[in-house]
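Q: Give me coordinates for this.
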Amino acid sequence: MISSNRHRFLPRIVFPEYAHVPGLTVHPKKKGGHSEFIDDPEPEILNPMKPYSSDEFLYAIDLFNYGYYWESHVWWEGLWHACGRRGVMADFLKALIKLGAAGVKAKAKEEKGVIIHTHRAQELFDSLLKRDVSYYAGFEIADLFNYSKDIEINANRYCKKSKPNESVFDKFLIPDKP
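A: This is a model prediction of the structure:
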């Protein structure tokens, strides 16, 4: 579901010391970056029937909901690689990756980038709907499509809200409990 309320799914995992924004912060993998000595995640394939069984998926959602967009992208990308980067799961994860990229662009105050990434997310969500995938990994695909459309429409406002280590979006991703 898309909600105006949020909570941590995995509070035991600490957030990075800062939310990376290219050009504004040290790249996390570079010297002095928050993930300089941390390997990228190599998760198991997400089970879309049991999204709460994937710490990597839930942590990516936590990161996204709390404004760590670049970092959420890294975690979702690990899941995307694990599933082979093709098919329904890959398109679902790639759309979430694009939402994370839109958040990065909003923090960098790049309205055009927000629009480009949310538009691509909409295309991916729409492709799922056209394949009769209406619900996936705890989310109504139509809700995610509309959420990405809202971000696109309000890109200018979201770019103005940008603050370090905070969400710029008004609503949050909350997968349904099984």
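Q: where do the helices sit along the chain?
A: In the chain, the helices defined using DSSP state H lie at 55-65, 69-82, 88-107, 111-130, 141-153, 155-160.
Q: and the first one, average pLDDT?
A: Confidence over helix 55-65, taken as the mean pLDDT, stands at 95.
Q: Show me what that helix is packed up against.
A: helix 69-82, helix 88-107, strand 172-173 (3 or more Cβ pairs under 8 Å, 6 or more residues apart in numbering; DSSP states H and E). Glycine gets a C-beta too; all of them are placed from N, C-alpha and C.
Q: what's the spacing between Gly23 and Tyr68?
A: 17 Å (Cβ to Cβ, to the nearest Å).
Q: How about Lys105?
A: 14 Å.
Q: same deal with Gly100?
A: From Gly100 over to Tyr68 (counting by Cβ to Cβ), the distance is 9 Å.
Q: Give me the more crowded residue out of these two.
A: Under the criterion of other Cβ atoms under 10 Å, the comparison of Gly100 against Tyr68 puts Tyr68 first, with 27 against 24.
Q: Looks like that one contacts Glu17 (just checking).
A: No. Between Tyr68 and Glu17 there is no contact, the gap being 10.5 Å when judged by Cβ atoms under 8 Å.
Q: Enumerate every residue touching Ile61.
A: 9, 72, 173-175 (Cβ atoms under 8 Å, 6 or more residues apart in numbering).
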